[in-house]
Structures are given as structure tokens and as C-alpha cells.
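Visitor: coordinates only, no sequence provided:
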């Protein structure tokens, strides 16, 4: 077994709408003296993908609905921000002062529908920006993967991650919100264990495990590095989508 | 920023009750030609710690209580196994055929109270073994850390991990169940973000992120390597315990 190595790429600039992320990643890889090889994976923070795709909303232009106003009052949040959270959600699951937990339109459960009101200022001081998740993170990952594969000749994976809280544990963790070219789940059903019994743990969330690993080296604040190069992912790359990581509602015991 | 490197250590033998894990890890490090340095972390699969500590129960000797029999019937599980799950739990949260979700006596929410009925056969064929989690995983981690620090002269961390399912996503993930010498949570409250706003994501579950990363390279089945050496953990080591990762019940929206 070989080592798994996660290298944050230095020198990715502050991303602006329309920026060519694939090109910026290729330049960062070159500066870091990393040549892409078959089986490598690049992990991208959602934030830079969303910014490059222009998923910015000027809250000054948002008219909150009565429902958003009511929810904003209950949760002590900005009604315009709540309006965007509702637009990005299929269902509100829980609310508390400061907290709105939803099923995002992409199918996962998260706080505030991934709408970020920090870290997106400074782009234009006359606006009050919020940043939404990419429209279709699987497609975003796929497009960047195609560009990187074309430029490198290597068969790689691309993973887009965000930070989510957990139901029963404190602290956020990196999780997959879009993937291309790497498995979401590793299916061990039917594999023998050490003594030839059938394994009871049958599916491993390997894309989420990798998301967590990459999140660890991205950092969260000013010194953040939003792109991580991964070498030594111990499972074969394959086509996949986020969907395989989402628990079907009928199997959900905690909604 | 430097790379994070996770190296599974080959050659850890099948662990038996009473085995000296610290000694086996030191020998494995030597074989892998790894010298422990300040800031390194060793991640151990729960299974080997539990086995070394003799946390085996011969189900043939277990008398299930009426409650265990009733729950076993509802969940289609072995009543003796259910008895051990109940003994290891504070509270049963959800049940379904094949599934019992509990609050473990150690405070976290997990399936089957971490009691494992696979991968522990073969030790003695006249018995039907189940394996419980370590009595006190923080203390187990601390004891191994003390031995490794004494032998190496380096200041290191030790993390014991298990695999847990998630409420809303498929696939298990590595999670911390015991730690010594590394932070469970990274507290970013009050840290400035890129534009000097206060960060909204304020606590990161770094021990769980590292657990997930290590789980990725441990493998799950016959080829598993239950000890992973970590270099490049990007945060200062400090004293900590599992408790800081557990969400207090009064903050639990999904119980």
C-alpha cells in the first residue's frame, strides 16, 4: 500500500466571476512542480467554483417573501439571505435562532442551503453579496476534469467540496457536493472480511472521506488554499455522481 | 503550506488479547523506515485496540434480557448481540429491521453501539465472539501515545477511529472515538476571513476529518492496514479529549 498525499496548491488568486479555474489550476500545478498522473485527484473548495461561475447575488436587490420574513424573524437572520436560502432549498427541516437546516435543491441536508454571506465581500463595495452553491456541481467538476485531462493526458478525478455540520457531533467537516471521475461510494457488499465472513459495513463514503481529508489542508480563513492535489487515492477511478452519496428519504431515520 | 501524508503501516499482525500495540507499532514504523517526528500522528483502527484490550465477549455465554429479545425480534438480530448493544448504550434512538441506532455509553450516536460481530471470528472456533469498543478510548490513546513518545522522544498525537454511518448520506466514514495529543475541534470563532469579516463557520472537526482521511487508506477488508502514520497535520498539537467533538443534547435538533 502506498501513501496518500494531499498537497494544497499555493498561489491560486482571489477568484472573480468568469475566471478560468482550469487554467489557474494548471498554472498552480506547474508552480508547485506537480505533473498530473493517472489516478490523481484535484479537490476544489466550492467557493472558488461558485465565484468563477458568477453565483453571486446582490442581496440589496432581493425582495424577501412573507415566508422569508417570518423565518428570518424566527431565526434572527437577514430576510434577504433567508429568501435566497429558501430559493435554494426543497424543504426546511429544522430552525433555531441562528440556524436553518434544509434539504438543498441538490438533495443533501445542510445549513443555510450553502448560501455564504462571508468571504464574498470586497468584490464591489457598493453591493452586499451572497454566494450560492454551483448550479450543478457534478457538471462543474466534469467540465474542469475534461480541461485538466486534455491538458495533461492523464486520467484524473475532480471533487468539489463544502463544509457541513453534523447532526450529533460538533465542528464542520469537508463533504463532497460534486464529483467527476472518482467513486462516491465504495461498495464492499459481499467482500469477505479477514475470516471469510461477509462484511457488515458494506458501503464506504470514500468521496466524503477524501473531502474531509482535503478540507483539513485547505484551511478555513485568510490563509486558505482552495485547491488540493491528491496522489495515492487507493481505489480505482470511475464515473460517478453526487447522487450515489445521498441517502434516499425512505431510508432516512432522522428527518 | 506543506503536504499532508498518510502512510498505512504494513506488517501489523492479527492482534490478540494482551498484545503490546505500542511495541508492534514501533516495529512497524521501523520496518517502514519512518522515524517519529514532533507533530506526527498515529491513527489506529478501533478493532486492534479493542482486541489488544481483550474487549471480546463470547456470545454463547450471554443471557439476553426480555428487552433484548423483544428488540432482537423487531430488528431481526441475534438476541445475544442485541443484549451486548444495550449494555454498551445509554439510549436506543431508532430501530429498523437490521438497524439499531443508539447513543453509546461514550456519548456518540452510532449503529449497534460499535459492537462488531464480524472480523473477530477465528480466534477460537468453539466460541462466538463479539468485539466491544475500548472501555475508554481516550485513555487507550493516551497510554499508547505515552509509550511512543517515550520511545521516540517526539511529541505526537494518537487517534483511535471507527466507521460510522451518517444521518443523511450513504456510506460509512472514519470518525474519532478516542484521541490524545491532537485537537478534536479547531476553534475559529473570531478569526477574520479573507475580507476581515468574522467567519460564520467557527468550529472545524479536525480530528474527525483526520479520521476520515486515515480510514480511506486503511481499507476495510482482508487487505486492511489498521495503523496509519500521519505527517503534516496542519494544526498545533494539544491536549484534548473526545468530549469536545460531541454535540450537547440541548443543541441536538435531530434526536
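Guide: Perfect, I can see it now. What you see is a predicted model; the values in this text were computed from it and never measured. Residues are numbered from 1 along each chain as shown, chains lettered A, B, ... in the order given.
Visitor: which is the next helix or strand following the worst-scoring helix or strand of chain A on mean pLDDT?
Guide: Ranking every helix and strand in chain A by mean pLDDT, DSSP states H and E puts strand A:186-187 at the bottom, with a mean of 90. As assigned by DSSP states H and E, the chain's next helix or strand after strand A:186-187 is strand A:203-204.
Visitor: tell me the bridge partners for residue A:94.
Guide: Counting by DSSP bridges, residue A:94 forms beta bridges with residue A:101.
Visitor: test my guess that it contacts residue B:255.
Guide: No - at 11.1 Å, residue A:94 and residue B:255 do not qualify as touching, with contact defined as C-beta atoms under 8 Å. (Glycine included, C-beta is placed from N, CA and C.)
Visitor: what's the helix or strand for the nearest residue to residue A:57 once chain neighbours are set aside?
Guide: Of all residues not flanking residue A:57 in the chain, residue A:130 sits nearest, at 5.0 Å (C-beta to C-beta, 6 or more residues apart in numbering or on different chains). Using DSSP H and E, residue A:130 sits in strand A:129-131.
Visitor: domain ranges for chain A?
Guide: A:13-53+A:134-244, A:56-131 (automatic domain parsing).
Visitor: if I look at residue A:96, how far off is chain B?
Guide: 7 Å (C-beta to the nearest C-beta, to the nearest Å).
Visitor: quick one, what contacts that residue?
Guide: Listed by C-beta atoms under 8 Å, 6 or more residues apart in numbering or on different chains, the contact set of residue A:96 reads A:75, B:253.
Visitor: any part of stretch A:205-215 near chain B?
Guide: Yes - using C-beta under 8 Å from any C-beta of the partner chain, stretch A:205-215 reaches chain B at A:205, A:206, A:208, A:209, A:210, A:212, A:213, A:215.
Visitor: neighbours of the fourth one, just the number please.
Guide: Spelled out, that is residue A:209. 29 (other C-beta atoms under 10 Å in any protein chain shown).
Visitor: how about the fifth one?
Guide: If you count neighbours by other C-beta under 10 Å, residue A:210 ends up with 29.
Visitor: that's a helix at it, yeah?
Guide: Yes - judged by DSSP: H, G, I helix; E, B strand; the rest coil, residue A:210 forms part of a helix.
Visitor: highest average neighbour count across the domains of chain A?
Guide: When the domains of chain A are scored by mean count of other C-beta atoms under 10 Å in any protein chain shown, the highest mean neighbour count falls to domain A:13-53+A:134-244 (a mean of 20).
Visitor: gap between the residue of the stretch 51-200 of chain A found nearest chain B and residue B:246?
Guide: Among the residues of the stretch 51-200 of chain A, residue A:171 lies closest to chain B, at 2.8 Å counting by C-beta to the nearest C-beta. Using C-beta to C-beta, to the nearest Å, residue A:171 is found at 10 Å from residue B:246.
Visitor: over to residue A:71?
Guide: To residue B:246, residue A:71 is 29 Å away according to C-beta to C-beta.
Visitor: try residue A:146
Guide: 43 Å.
Visitor: before we move on, what about residue A:48?
Guide: Going from residue A:48 to residue B:246 by C-beta to C-beta gives 32 Å.
Visitor: what residues are up against residue A:110?
Guide: Residues near residue A:110 by C-beta under 8 Å, 6+ apart: A:101, A:102, A:104, A:162, A:164, A:165.
Visitor: correct me, but residue A:135 touches residue A:54?
Guide: No - in terms of C-beta under 8 Å, residue A:135 does not count as a neighbour of residue A:54; the distance is 10.0 Å.
Visitor: where does residue A:83 land in three-state SS?
Guide: Classified using three-state DSSP, residue A:83 is helix.
Visitor: check contacts around it.
Guide: Counting by C-beta under 8 Å, 6+ apart, residue A:83 touches A:62, A:63, A:64, A:65, A:68.
Visitor: tell me the secondary structure for the third one?
Guide: Of the three states, residue A:64 takes coil under three-state DSSP.
Visitor: right, and it touches residue A:80 too?
Guide: Yes - proximity of residue A:64 to residue A:80 meets the contact threshold set by C-beta under 8 Å, at 5.4 Å.
Visitor: for the stretch 1-150 of chain A, which residues are neighbours of chain B?
Guide: When proximity is defined as C-beta under 8 Å from any C-beta, the stretch 1-150 of chain A approaches chain B at A:1, A:3-8, A:10, A:14, A:94, A:96, A:99, A:101, A:108-109, A:116-119, A:121-122.
Visitor: please redo it, this time with the cut-off set to 10 Å
Guide: Residues of the stretch 1-150 of chain A found near chain B (C-beta under 10 Å from any C-beta of the partner chain) are A:1-10, A:14, A:32, A:47, A:93-96, A:98-99, A:101, A:103, A:107-112, A:116-123, A:125.
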